[in-house]
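> quick one: sequence plus predicted model below, questions after.
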Amino acid sequence: MKLITPFNTITAAFLIVCISACEPSKKQEDSVEVAKEINDESFEDRDDEKDADFVVNTVAANYAEIKFAQLALNKSTNPAVKKMATTLEADHRKILDDMKAYAGKNGIAVPMSESEDASKDIEKLAEKDADEFDEKWFDMLEDKHKKTIDKFEARIDKTEDVELKNLISATLPGLKSHLEMIEDHDH
């Protein structure tokens, strides 16, 4: 992957922070879109752009997964759900940290929060009463984990970046374990 200069990396990070902080009326999606636009301008190679988009989407998705887990910790009354949410929160924080570290080393701008769609999903789920919450939580997580696994498997086959391949390879077993845990739970 072609590295960009440290100046451009710092500038990109500053712009994202500034846009996020200086314009609170903007939708959260802007953080994701701004990161993608910066990366599109920073990387000349289309494969590098696709890797950068994957990292942006993965960072945003992990912000969302953490918020879904935190919501379950606060809203669910089921001890098994709370235990699973604790595991998911810790694991997705690690994935988020790993992806952000990779992005930083490779000059990839990343979003500061989840996507607007994920934010809406979190809000909808928060409105569910206790009787519905756990079932809807499991349904959403199952769907999100299936899609994430598919995206990881597709990217590992397409990327030429050895470090990204290794990161994806190291992350996939945990994601598959999460999916099994979710599917095995009686909801």
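Noted; the coordinates are in hand. Residues are numbered from 1 along each chain as shown.

> make it CA atoms for all contacts and neighbour counts henceforth
OK.

> distance of the residue of the chain most remote from its centre from D143?
Relative to the mean C-alpha coordinate of the chain, counting by CA atoms, centre = their mean, the farthest residue is D131 (27.8 Å). In this view, D131 and D143 are 20 Å apart by CA to CA, to the nearest Å.

> now G174
For G174, the distance to D143 (CA to CA) stands at 16 Å.

> more neighbours, those two?
Set side by side, G174 and D143 show more neighbours around G174, with 16 against 11, by other CA atoms under 10 Å.

> quick one: pLDDT of the closest residue in space to that one that isn't next to it in sequence?
Leaving out its chain neighbours, the residue that sits closest to G174 by CA to CA, 6 or more residues apart in numbering is D91, at 7.8 Å. The score at D91 is 97. That number is its pLDDT.

> could you do V17 as well?
Value listed for V17 in the pLDDT field: 44.

> repeat for E29
Reported pLDDT at E29 in the predicted model: 43.

> over to the one 4 residues further on?
You'll see E33 listed with a pLDDT of 80.

> helices of this protein, residue ranges please.
Using DSSP state H, the helices found in the chain span residues 6-22, 29-42, 46-75, 79-105, 116-126, 130-158, 162-184.

> what's the neighbour count on the residue nearest to G174?
There are 19 residues near D91, going by other CA under 10 Å.

> where does pLDDT dip in this structure?
Across the chain, the ranges flagged by pLDDT under 70 are 1-30, 186-187.

> tell me who's in contact with the one residue sitting closest to the centre of the chain.
Closest to where the C-alpha atoms of the chain average out (CA atoms, centre = their mean) is A61, at 2.3 Å. Shown here is A61, whose contacts under the criterion CA atoms under 8 Å, 6 or more residues apart in numbering are 114-115, 118.

> try it again with 7 Å
Under the criterion of CA atoms under 7 Å, 6 or more residues apart in numbering, the neighbours of A61 are E114.

> distance of the closest residue to A52 other than its chain neighbours relative to M99?
The spatial neighbour of A52 that comes closest, neighbours along the chain excluded (CA to CA, 6+ apart), is I108 at 6.1 Å. Relative to M99, I108 is positioned 10 Å away (criterion: CA to CA).

> of the two, who's got more company?
Ranked by neighbour count (other CA under 10 Å), I108 and M99 place I108 first, with 31 against 23.

> phi, psi of that one?
Main-chain dihedrals, I108, degrees, to the nearest 10: phi -100, psi 120.

> again with E127
As for E127, its main-chain torsions (degrees, to the nearest 10) stand at phi -80, psi -10.
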